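# return atomic coordinates for the entry below.
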Amino acid sequence: MTGPTVRPGADADLPALTAIYNHYVEHDYATFDVEPVTVEQRRAAWFVHYGNAGPHRLLVAEDGGVVVGYATSSRFRPKPAYGGTVETTVYLHPEHIGLGYGRALYVDLLARLAADPAVHTAVAGVALPNPSSVALHQALGFHVVGTFAEVGRKFGRYVDVQWFQRALPS
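Below you'll find the model as predicted:
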């Protein structure tokens, strides 16, 4: 890997981002969605929440002009007192896992969040087992705050979610 270009997501990225997400809908526990989504559904219910500034971001990693993954920081909970907390996530095209793209995305996202005085804490939930995601979060300064046992059901089994937290800036 020569290193990805990390930039804010754009409307033109939605087909690639939707394809990456739908891979996890259909084949993995990384999301608890169970039905694939369309580009239009992603635009209306997801993409519109992100901006190029502020606490809610969408960053895209490209390599050679091809979108290989994305990271987000989203509203953690709808109540106003949670405003300084964001939930972060990262998704990679399956052929680009383990090559440093997730780390590059998260490092950039966390730097942008740390520079925003409105953001105090980042949290992330990891469906288990997912040792690479656990290792990534721990390597980037997140610490485990607990595990919710069997809170999701997908592919005929119950799934645990381990929760991580990191203070910002850190």
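# could you use CA atoms for every contact and neighbour count after this?
Fine.
# so where's this protein uncertain?
For the chain, applying pLDDT under 70 flags the ranges 1-2, 170.
# which parts of it are strands?
For the chain, the strands defined by DSSP state E cover 5-8, 57-63, 66-75, 85-92, 121-127, 143-154, 157-167.
# direction included, what does the shortest one pair up with?
Going back to what we said before, that points to strand 5-8. Strand 5-8 has its sheet partners listed here by DSSP bridges as strand 57-63 (antiparallel).
# for residue 163, which non-adjacent residue is closest in space?
residue 125 (4.5 Å; CA to CA, 6 or more residues apart in numbering).
# the one you found: neighbour count?
Neighbours of residue 125 under the rule other CA atoms under 10 Å: 23.
# OK, contacts around it?
89, 161-164 (CA atoms under 8 Å, 6 or more residues apart in numbering).
# one more pass at 7 Å, please.
Listed by CA atoms under 7 Å, 6 or more residues apart in numbering, the contact partners of residue 125 are 161-164.
# out of these, the closest to residue 141 would be?
Using CA to CA, residue 164 is the member of those that lies nearest residue 141, at 9.4 Å.
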